[in-house]
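>>> Kindly generate the corresponding structure for this input.
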Amino acid sequence: MRNASRLRGLDLVATMAVLVAAVAVAMPNAERTPPQSSEPSSVFVSRAGEVDADLDVRLTNAVIALTAELVDLPDRFRVVESADEADVRITIFGAQAVTSGPRHVGGPAGFTPNRVFESRGSDFFSFDAVVRADGNRKQLQGSGTGATETGSFRSAATDFVRRLEAFAHEQSSGPR
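Prediction:
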């Protein structure tokens with residue numbers, strides 16, 4: 001009986017030693033990795049003020065595409081109506097669009113003589129913005145191509161969000 005209680009005591013000591021070792025190994029990793037917030041970041045998207053008519057249309061398209069992309073990611077971002085409520089402020093100040101027109105393909109040298117086909121290439125859209133988060137600022141760009149003008153806007157917004165997340169991760173994991 002004495003041996004049985006001694007063995008149970010040794011089992012308890014061995015179990016405690018394994019638990020203490022596991023916690024000791026896990027602690028340094030826990031200190032290096034910041035806790036992930038379950039709360040989505042609040043984001044305010046705005047655009048540059050006084051601009052010419054052509055840039056005004058491109059900036060508006062950029063704001064619409066970026067806002068739609070952020071709204072589609074509710075677990076990570078929450079779009080707000082006021083800059084005062086936002087954790088992250090995005091100001092779009094430049095936008096470029098290249099729309100490819102139809103081009104003629106085929107003709108007498110082609111496989112089908114005397115026929116000309118219209119083919120449309122890809123559209124390109126990009127925009128530049130200043131992002132402010134936690135007292136830090138950075139200029140980011142989003143760019144993309146698509147079969148339509150709207151598709152290229154959305155592609156650029158997706159690219160921008162990827163860069164925004166990298167910037168946010170950089171801010172949260174850097175020294176404070």
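>>> pLDDT of the helix or strand containing Asp54, averaged?
Element membership for Asp54, per DSSP states H and E: helix 53-71. pLDDT averaged over helix 53-71 equals 94, rounded to a whole number.
>>> swap in stretch 97-111?
63.
>>> related to what we said a few turns ago, okay, buried residues for the helix holding Asp54 please.
Leu55, Arg58, Leu59, Asn61, Ala62, Val63, Ala65, Leu66, Thr67, Glu69, Leu70 (16 or more other CB atoms under 10 Å). Every C-beta, even on glycine, is put in place using the N, C-alpha and C of the backbone.
>>> Which other helices and strands does it contact?
strand 41-47, strand 77-79, strand 88-98, strand 123-133, helix 149-173 (3 or more CB pairs under 8 Å, 6 or more residues apart in numbering; DSSP states H and E).
>>> Just name the most buried of those.
strand 123-133 (a mean of 21; mean count of other CB atoms under 10 Å).
>>> After it, heading C-terminal, what element do we hit next?
Toward the C-terminus, strand 123-133 is succeeded by strand 136-146 as the next helix or strand (DSSP H and E).
>>> so Val88 sits right up against Gly135, yeah?
No. Here Val88 lies out of contact with Gly135, judged by CB atoms under 8 Å, at a distance of 11.7 Å.
>>> hmm, back to that, between the helix holding Asp54 and strand 88-98, how many degrees?
Helix 53-71 and strand 88-98 are oriented at 130 degrees to each other (axes from the mean of the first three to the mean of the last three CA atoms, to 10 degrees).
>>> Put the alpha carbons of helix 53-71 into CSV.
Output of helix 53-71 as CSV, limited to C-alpha atoms (Å, rounded to 0.1, in the frame of the first residue of the first chain):
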residue,chain,number,x,y,z
ALA,A,53,-13.4,66.7,-63.4
ASP,A,54,-11.5,63.7,-64.8
LEU,A,55,-9.6,63.0,-61.5
ASP,A,56,-12.9,63.5,-59.6
VAL,A,57,-14.4,60.6,-61.4
ARG,A,58,-11.4,58.3,-60.9
LEU,A,59,-11.2,59.2,-57.2
THR,A,60,-14.9,58.5,-56.7
ASN,A,61,-14.5,55.2,-58.4
ALA,A,62,-11.6,54.3,-56.2
VAL,A,63,-13.6,55.2,-53.0
ILE,A,64,-16.5,53.2,-54.2
ALA,A,65,-14.4,50.1,-55.0
LEU,A,66,-12.3,50.3,-51.8
THR,A,67,-15.4,50.8,-49.6
ALA,A,68,-17.1,47.8,-51.3
GLU,A,69,-14.0,45.6,-50.7
LEU,A,70,-13.8,46.6,-47.0
VAL,A,71,-17.5,46.0,-46.5
